[in-house]
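Asks: no letters, just coordinates:
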């Protein structure tokens, strides 16, 4: 009874616009007072601290800092220029450039809004000039940016790894594989649209121009190489790679490109600190909440229910898909992980589902939920940052959602898509 | 003042991870985690001021102005009470740990230094909520401004 009341309270707070930290924190504190009055109160601050004082999560602030550096500096632009010089003159080249650079940048930066802001503004006019409709261009940008959640170094995957104790390197490898599948699917769609509207090709760059772009982008290109190469060659852990990425980004932006001065560096550090705080307070409250969720034996109840309904693993995953897609439309990615994974993961594990497979399925669902009308958060972000009406963005998003759902079906039924690469690499 | 503390804390983090590549001593990770905790909790209030904390405000923004005012009052009041309560519990644990003299494994620094970030941070957050209550200069406006930029 009280459990139901608490759930209703949390849901009402969520819908009415309470800060997420209150939505998670208050029911947890009330649950402690209602069910475990004898337990010493210090358990609350202790649990909160246990969501922050974790070595694995140390990678997140570093990646955020590196991403802000790149977004404010020139690394992002140089990378796009390089991709454009390489493929811009092929049929559909401008479209492919958008997919490639949004996914690449979104990956290093880990934030869809920042990606739309940094690259969307660059790509949108060019897509228009090449002859793509505005609706298609907007949909393409919003979708490519969103799928960055899958591609390493993804903060979402780090958090999933922390909640479930899954190897982050394995999750990253699986994310890379699924991300590539998605990218190829989008490029096929771009190719089809190119043929349909007879989009123009970009100008063929002169040989010298290409070499210049390569030279200008070489330092920027080093960053993904350092991160991924470092992790998979076993030189660094994910956290160390993140710290190295910050030092490298500072060096490139300040010394090589001279795009950022000392004052700008301090400002970037400050805004990263706020971004870090916003994420970590959720992790802290989530750690508190999941402690009481587990104490209330919610996961084992869920498992019993699944057993009673005689679900096999496919049915369970389809159920997860529906649940998470719905949740993804309303709630931000990190909160979804903290709210649902502590309950769903033990069930998935009991049904013999590979943790990496499950992690990528969850993440892909969240990605799709974020761009699904009418509530998908990123539709509003894209409309807001690119100054277009939400209706235009929504009108163009449908074909991309269909492609996304097709990939989701593939990832759900064929575990090998997500688990083959990690097995090969690790 | 919050700002200065914040930048200082972040600089500590920045400085402390630089040697990470050359000498990976265990104490660096611990120092980073201490710095991280301070950054996280100190920036709580600042994040609220800038309207950066995550909340699903879609419905709230569509309600009538009077209902909106009432709801925001309820949210701020809840936030104030919650942060004060957590701050009090956090202060308890800080003092408890300080008395027990539990020290961190590698730095040999009292764990109270880690926990102390929490009461400080939540008191700052409570202050921010109180300011919002008093002035009603909603963070929704700040959030809208942040999105437009």
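Replies: Arrived safely, thanks for sending. Note that the structure is a prediction, hence the values are computed from the model and not measured.
Asks: C-alpha only now, for contacts and for neighbours.
Replies: OK.
Asks: element containing residue 81, please.
Replies: All of this is about chain A. Element membership for residue A:81 (DSSP states H and E) is helix A:75-87.
Asks: should've been chain B
Replies: Residue-wise, residue B:81 maps onto helix B:65-100 under DSSP H and E.
Asks: so which residues on the stretch 251-400 of chain A come close to chain B?
Replies: Proximity of the stretch 251-400 of chain A to chain B (Cα under 8 Å from any Cα of the partner chain) is limited to residues A:266, A:269-270, A:273-278, A:280-281, A:330-332, A:381, A:384-385.
Asks: avg pLDDT for the helix holding residue B:81?
Replies: The pLDDT scores in helix B:65-100 average 87.
Asks: and the helix or strand following it, what other elements does it pack with?
Replies: As assigned by DSSP H and E, the chain's next helix or strand after helix B:65-100 is helix B:112-115. Using 3 or more Cα pairs under 8 Å, 6 or more residues apart in numbering or on different chains; DSSP states H and E as the contact test, the elements touching helix B:112-115 are helix B:26-49, helix B:65-100.
Asks: one more time with 7 Å, if that's ok
Replies: Here helix B:112-115 touches helix B:65-100, going by 3 or more Cα pairs under 7 Å, 6 or more residues apart in numbering or on different chains; DSSP states H and E.
Asks: show me what counts as buried in the helix it packs on.
Replies: Within helix B:65-100, the residues that qualify as buried are B:68, B:71-73, B:75-94, B:97-98, counting by 16 or more other Cα atoms under 10 Å in any protein chain shown.
Asks: so that helix, near chain A or not?
Replies: Yes. Using Cα under 7 Å from any Cα of the partner chain, helix B:65-100 reaches chain A at B:75, B:79, B:89, B:90, B:93.
Asks: surely residue A:321 touches residue A:367?
Replies: No. If you go by Cα atoms under 7 Å, residue A:321 and residue A:367 don't touch, sitting 11.6 Å apart.
Asks: the two: who's more crowded?
Replies: residue A:367 (28 against 20; other Cα atoms under 10 Å in any protein chain shown).
Asks: read off the pLDDT value for the more buried one.
Replies: pLDDT, residue A:367: 85.
Asks: and residue B:11, by the same measure?
Replies: At residue B:11, the model reports a pLDDT of 51.
Asks: cool, residue A:223 as well?
Replies: As predicted, residue A:223 sits at a pLDDT of 74.
Asks: remind me which helix or strand it belongs to.
Replies: In the assignment (DSSP H and E), residue A:223 maps to helix A:207-224.
Asks: what mean pLDDT does the very next helix or strand once past that helix get?
Replies: Using DSSP H and E, the helix or strand that follows helix A:207-224 in sequence is helix A:230-232. Mean pLDDT, helix A:230-232: 72.
Asks: could you check the angle helix A:75-87 makes with the helix holding residue A:223?
Replies: Between helix A:207-224 and helix A:75-87, the angle formed by their directions is 130 degrees, by axes from the mean of the first three to the mean of the last three Cα atoms, to 10 degrees.
Asks: give the other helices and strands that helix A:207-224 contacts.
Replies: Judged by 3+ Cα pairs under 7 Å, 6+ apart, helix A:207-224 is in contact with helix A:75-87.
Asks: list the contacts of the helix it packs on.
Replies: For helix A:75-87, contacts defined as Cα atoms under 7 Å, 6 or more residues apart in numbering or on different chains pick out A:70, A:93, A:97, A:101, A:105, A:205, A:210, A:213-214, A:216-217, A:220-221.
Asks: thinking again about what came up before, return the list of helices and strands in contact with the helix holding residue B:81.
Replies: Judged by 3+ Cα pairs under 7 Å, 6+ apart, helix B:65-100 is in contact with helix B:112-115, helix B:117-135.
Asks: one more time with 10 Å, if that's ok
Replies: With contacts defined as 3 or more Cα pairs under 10 Å, 6 or more residues apart in numbering or on different chains; DSSP states H and E, helix B:65-100 has these neighbours: helix A:20-35, helix A:43-50, helix B:58-62, helix B:112-115, helix B:117-135.
Asks: wait, a helix at residue A:166?
Replies: No. Read with DSSP: H, G, I helix; E, B strand; the rest coil, residue A:166 is coil and lies in no helix.
Asks: quick check, it in contact with residue A:422.
Replies: No. Residue A:166 is not in contact with residue A:422 according to Cα atoms under 10 Å; the separation is 11.9 Å.
Asks: ok, the residue lying closest to residue A:317 once chain neighbours are set aside to residue A:100 distance?
Replies: The spatial neighbour of residue A:317 that comes closest, neighbours along the chain excluded (Cα to Cα, 6 or more residues apart in numbering or on different chains), is residue A:412 at 6.9 Å. Distance of residue A:412 to residue A:100, computed by Cα to Cα, to the nearest Å: 24 Å.
Asks: and the closest residue to chain B within the stretch 51-200 of chain A, what does it touch?
Replies: Closest to chain B within the stretch 51-200 of chain A is residue A:53: 5.8 Å, counting by Cα to the nearest Cα. Residues near residue A:53 by Cα atoms under 10 Å, 6 or more residues apart in numbering or on different chains: A:47, A:284, B:30, B:32, B:33, B:34, B:35, B:36, B:37, B:114.
Asks: quick check: phi and psi on it?
Replies: phi -80, psi 60 (degrees, to the nearest 10).
Asks: where does it land on pLDDT?
Replies: For residue A:53, pLDDT reads 78.
Asks: quick one: classify the residue of the stretch 251-400 of chain A found nearest chain B as helix, strand or coil.
Replies: The minimum distance from the stretch 251-400 of chain A to chain B, using Cα to the nearest Cα, falls at residue A:277 (4.1 Å). When classified by three-state DSSP, residue A:277 comes out as helix.
Asks: neighbours around the closest residue to it other than its chain neighbours, how many?
Replies: Closest residue to residue A:277 apart from its sequence neighbours, by Cα to Cα, 6+ apart: residue B:40 at 4.1 Å. Counted with other Cα under 10 Å, the neighbours of residue B:40 add up to 29.
Asks: so residue B:40 makes contact with residue B:120?
Replies: No. With contact defined as Cα under 10 Å, residue B:40 and residue B:120 do not form a contacting pair (11.1 Å).
Asks: which residues are common contacts for those two?
Replies: In contact with both residue B:40 and residue B:120: no residue, using Cα under 10 Å, 6+ apart.
Asks: just to revisit the earlier point, lowest mean pLDDT across the helices and strands packed on helix B:65-100, which one is that?
Replies: helix B:58-62 (a mean of 74).
Asks: and that one, what does it pack onto?
Replies: Packed against helix B:58-62, as judged by 3+ Cα pairs under 10 Å, 6+ apart, are the following elements: helix A:2-15, helix B:65-100.
Asks: other SSEs contacting whichever strand or helix holds residue A:379?
Replies: Per DSSP H and E, residue A:379 falls inside helix A:377-386. Applying 3+ Cα pairs under 10 Å, 6+ apart, one finds that helix A:377-386 contacts helix A:112-115, helix A:121-130, helix A:134-146, helix A:313-330, helix A:355-370, helix A:390-413, helix B:139-148.
Asks: ok, now with 8 Å
Replies: If contacts are counted by 3+ Cα pairs under 8 Å, 6+ apart, helix A:377-386 sits against helix A:112-115, helix A:134-146, helix A:355-370, helix A:390-413, helix B:139-148.
Asks: and residue A:171, which of the ones you listed is closest to it?
Replies: Nearest of the helices and strands packed on helix A:377-386 to residue A:171, taken as Cα to Cα: helix A:355-370 at 5.6 Å.
Asks: hang on, residue A:38 in a strand?
Replies: No. Residue A:38: not assigned to a strand; according to three-state DSSP it is coil.
Asks: show the pLDDT at it.
Replies: 78.
Asks: next one: it from residue B:85, what distance?
Replies: Note on residue A:38: its distance to residue B:85, by Cα to Cα, is 18 Å.
Asks: equivalent analysis for residue A:65, please.
Replies: From residue A:65 across to residue B:85, the span is 31 Å (Cα to Cα).
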